[in-house]
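Asker: Sequence first, predicted model second:
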Amino acid sequence: MRLFFIAISFLFSISSFSQVNPLEAELILNNSSEEIDDVTAVIKVKGGEAPYRFYWNQQKVSVYQRVAAGLPEGQTIRVSVVDNKNDTIVVSGEVKAESIPEIFNVNMRPAVHVMEEFLFFSLYTDTVKVSDYTLKAPFALDSTKTRYILKEWLFEDGAAVEHQKPIAILQEMDSTFLLYAVGSGKLKHNIKQGESVFYKNKRGNRTDAILGQIIYDSPQPFYYKNLTTNSQKVPLIVVWLVLGAIFFTLRMKFINFSGAIHAIQLVRGKYDNPKEDSGEVSHFQALVTALSGTVGLGNIAGVAIAVSVGGPGATFWMIVAGLIGMSSKFVECTLGVKYREINEEGEVFGGPMYYLSRGLAKKNLKKLGQVLAIMFAILCVGGSFGGGNMFQANQAFSQLKGIPGWEIIAPYGFWFGLILAFFVGIVIIGGIKSIAKVTDKIVPAMVGIYVFSALVIIGLNITQIGDAFSQIFNGAFSPDAIYGGVIGVLILGFQRAAFSNEAGVGSSAIAHSAAKTKEPVSEGMVSLLEPFIDTVVVCTMTALVIIFTGYAADSEGLEGAQLTSAAFSSSLGDWSLYVLAFAAVLFAFSTMISWSYYGLKAWTYLFGKTRTADIVYKGLFLLFVVIGSSVSLGAVIGFSDLMILGMAFPNILGLLILSGEVRQDLTNYMVKIKTGVIQKFK
């Protein structure tokens, strides 16, 4: 009997012990600096049964991560902790914004959300599904993990596995942890037990090995690192830009192709008549001023994003978007010259504000024209301060401090901003003529440096050119499902092209309206070349460099400008980092001075063509140069970029209404060319 009570007591004690050790978790948040989005989160777990998984409400944080960095202030950070028995506990917390940059960032998020909900309203949404899942070890790119192997497969090759069930044991030094299945299907082994989960690629860099695959019986959702699913969307703004470009291409009878040779003749000055033409700058200067506002960081970072996220096939759709975007440029720049105003001093005021208000008034749509013009001007001013200024200054400084050995300049963003503002100020004080004199030297130089570097890499890999274009073409029409299928890759390519060449946005029409010409169509012809140079030439070369160097297939965890820099340096050596950084600074500088002109013309449309309005705007613009170089921008820049895209709505609506008269003007212009009424002077 005594032994019976002892046994009962022992069992009761075990039961009690297990009950007093339930799963517990604590979320510790730390915000040690005034920079935005730099919160660090650590989860401490007690009880339950190891191993644990961590389901964050942040897409880029893996379920294997107990520690996460780069999280946002002012947002709830929520984590579901799951143990080996699938017991779950949810912990959450929030770091309040304290510094001025953090407060700005948090307060701008609602505005960004509203703009995104409108511009990126999805006309079609579907869950992205894939036919298999590629298994890679978490933290395989962490250079501190030197002895990291796949210790044991828990299932045989070809065995059926279930979603989020353990399938392998990984070992790093003396620590082991489980690898879980993502999706249900048949397991395929790619490496053997005891082999490393990383290797050195042909560039000599560490990359993660493909451990195996899970082959699905039928397509299953694609998952992010935190195991949320990915949705494929067709944004309203992209459809608006693309349909507008297609309409203008058809309405103008493929002027993007038929007018190319004549456009080159105009840029070379064959039809220039200085004695008669009114305006402020030549055809060439107007073109390079507009190009300086578009050729920039979008070509360096935007293409890398398109290729790394959408695969090589996204390049094809960027090219298509550039080609049809030429027609949008033609229509808006023709109207920019046609409805411009020139004051007694010969200063030009033109752009969408004027053809929307004056052009629609001729169609008995005066009220609509005024509303659209004011809407465009407000968006343009906001875009000029953010995406056309602060973002450029910020990224230029980031490129410089990212050069190996230059990290020491990181604390001196304010002083870099002052120096940059000084040089920008010298140029913009002189107006469009001064801007044009600078851009007609900087743009050919910066494009030349960048294109020459790209051509060297293409030349070194010329034997692979057929394979590269094969990847681009095949990827456009039969891409991996992971990229969202044909629709997903197409949307991504068009979206990145829109960010890059701004066709349909209306900004370039402001620069082209200052051209010396009495024939509006002639400047529309010149503007055709802009999307071609920006997207078809420069963007395609960037994509080829990324493909040739292997970064399209294996990005090594890099993205944006860092990916492009790595691609150039892997072929040309570290010296190319200096060239690329220098080109990036030139890109940023030229974009800023062009956008200062765009913003100024929109500002004076709203507040009057006075000397005071001119000085106030330029003073604010230079102030924002310093701010952009000094602080992280986050949602402020996001809002500004959306304002630039938002310019397309009033602009394209006006272009559609006025396209009939542009078509008639084009017909009359071609008759003048054929009959010799418009003469060649060179």
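Answerer: Now that the structure is in, tell me what you want to look at.
Asker: Work out for me the element residue 142 sits within.
Answerer: According to DSSP states H and E, residue 142 maps onto no helix or strand at all.
Asker: ok, the residue lying closest to residue 60 once chain neighbours are set aside - contacts?
Answerer: Closest residue to residue 60 apart from its sequence neighbours, by CB to CB, 6 or more residues apart in numbering: residue 225 at 6.0 Å. Using the backbone N, CA and C atoms, a C-beta is placed for each residue, glycine as well. Going by CB atoms under 8 Å, 6 or more residues apart in numbering, residue 225 touches 59, 60, 61, 62, 63.
Asker: Please check the residues you listed and keep the buried ones.
Answerer: 61, 62, 63 (16 or more other CB atoms under 10 Å).
Asker: So the residue nearest to residue 60: helix, strand or coil?
Answerer: coil (DSSP: H, G, I helix; E, B strand; the rest coil).
Asker: on that earlier part again, quick one: which of the buried ones among the contacts of residue 225 is nearest residue 629?
Answerer: residue 61 (29.8 Å; CB to CB).
Asker: Tell me where the stretch 301-450 of the chain has helices.
Answerer: For the stretch 301-450 of the chain, the helices defined by DSSP state H, counting those that start in this stretch cover 303-310, 313-338, 352-354, 360-362, 366-385, 391-401, 413-428, 431-460.
Asker: In TSV: the ones you listed, plus mean pLDDT, mean neighbour count and distance to residue 618.
Answerer: Listed next are those as TSV, based on pLDDT from 0 to 100; neighbours: other CB atoms under 10 Å; distance: least, CB to CB, whole Å:
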stretch	mean pLDDT	mean neighbour count	distance to residue 618
helix 303-310	73	26	32
helix 313-338	88	28	22
helix 352-354	91	29	18
helix 360-362	91	16	30
helix 366-385	90	22	11
helix 391-401	78	23	15
helix 413-428	82	18	6
helix 431-460	74	18	10
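Asker: and of those helices, who's closest to residue 35?
Answerer: helix 413-428 (11.1 Å).
Asker: by contact count, what packs against the closest one?
Answerer: helix 391-401, helix 431-460, helix 575-607, helix 611-630 (3 or more CB pairs under 8 Å, 6 or more residues apart in numbering; DSSP states H and E).
Asker: which one of those helices lies closest to residue 104?
Answerer: Minimum separation from residue 104 across the helices and strands packed on helix 413-428 (CB to CB) falls at helix 611-630, 9.9 Å.
Asker: Go through the closest one and flag the buried ones.
Answerer: Result for helix 611-630 [16+ other CB under 10 Å]: buried residues 613-614, 617-618, 621-622, 624-630.
Asker: Next, the angle from it to helix 413-428.
Answerer: In terms of direction (axes from the mean of the first three to the mean of the last three CA atoms, to 10 degrees), helix 611-630 departs from helix 413-428 by 150 degrees.
Asker: Determine the set of other helices and strands touching helix 611-630.
Answerer: Where contact means 3+ CB pairs under 8 Å, 6+ apart, helix 611-630 is packed against helix 366-385, helix 391-401, helix 413-428, helix 575-607.
Asker: next one: it to chain centre, how far?
Answerer: The chain centroid and the centroid of helix 611-630 are separated by 25 Å under CA atoms, centre = their mean, to the nearest Å.
Asker: Show me what that helix is in contact with.
Answerer: 384-386, 389-394, 396-397, 413-414, 416-418, 420-421, 424-425, 428-429, 592, 596, 599-600, 603-604, 607.
Asker: angle of that helix against helix 391-401?
Answerer: Going by the same axes, to 10 degrees, helix 611-630 makes 30 degrees with helix 391-401.
Asker: any idea of the mean pLDDT for helix 611-630?
Answerer: Summarised as a single mean, pLDDT over helix 611-630 is 85.
Asker: Export it to CSV, keeping only CA atoms.
Answerer: Taking C-alpha atoms only, helix 611-630 is exported to CSV below (Å, rounded to 0.1, in the frame of the first residue of the first chain):
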residue,chain,number,x,y,z
ARG,A,611,9.9,86.9,-58.3
THR,A,612,8.8,86.2,-54.7
ALA,A,613,7.2,82.9,-55.6
ASP,A,614,10.3,81.9,-57.6
ILE,A,615,12.7,82.7,-54.7
VAL,A,616,10.4,80.9,-52.1
TYR,A,617,10.3,77.7,-54.1
LYS,A,618,14.0,77.6,-54.8
GLY,A,619,14.8,78.3,-51.2
LEU,A,620,12.5,75.4,-50.1
PHE,A,621,14.0,73.1,-52.7
LEU,A,622,17.5,73.7,-51.5
LEU,A,623,16.4,73.2,-47.9
PHE,A,624,15.0,69.8,-48.8
VAL,A,625,18.3,68.8,-50.4
VAL,A,626,20.0,69.1,-47.0
ILE,A,627,17.1,67.3,-45.2
GLY,A,628,17.2,64.5,-47.7
SER,A,629,20.9,64.0,-47.2
SER,A,630,20.7,64.1,-43.4
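Asker: now that helix and helix 366-385, what's the angle there?
Answerer: Going by the same axes, to 10 degrees, helix 611-630 makes 40 degrees with helix 366-385.
Asker: Next, the angle from helix 611-630 to helix 575-607.
Answerer: Going by the same axes, to 10 degrees, helix 611-630 makes 150 degrees with helix 575-607.
Asker: I figured residue 502 hits residue 508, correct?
Answerer: Yes. The pair residue 502 and residue 508 passes the contact test of CB atoms under 8 Å, sitting 6.5 Å apart.
Asker: The two: which is more packed in?
Answerer: residue 508 (30 against 27; other CB atoms under 10 Å).
Asker: okay but the more buried one is in contact with residue 329, surely?
Answerer: Yes. With contacts counted by CB under 8 Å, residue 508 reaches residue 329, the gap being 6.3 Å.
Asker: okay, and the common contacts of the two?
Answerer: 527, 530.
Asker: max-length strand in this protein?
Answerer: strand 212-221 (DSSP state E).
Asker: Could you pull up the residues touching residue 601?
Answerer: 349, 350, 351, 353, 510.
Asker: Export those as JSON lines, with columns for distance to residue 564.
Answerer: Formatted as JSON lines, the contacts of residue 601 follow (distance: CB to CB, whole Å):
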{"residue": "349", "distance to residue 564": "38"}
{"residue": "350", "distance to residue 564": "35"}
{"residue": "351", "distance to residue 564": "32"}
{"residue": "353", "distance to residue 564": "35"}
{"residue": "510", "distance to residue 564": "29"}
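Asker: So for stretch 46-60, first residue to last residue, what's the gap.
Answerer: 25 Å (CA to CA, to the nearest Å).
Asker: my bad, should have said stretch 600-619
Answerer: End-to-end span of stretch 600-619 (CA to CA): 11 Å.
Asker: how far does it sit from the chain's center?
Answerer: For stretch 600-619, the distance to the chain centre is 30 Å (CA atoms, centre = their mean).
Asker: Could you do stretch 650-670 as well?
Answerer: 31 Å.
Asker: go on, stretch 222-232?
Answerer: 20 Å.
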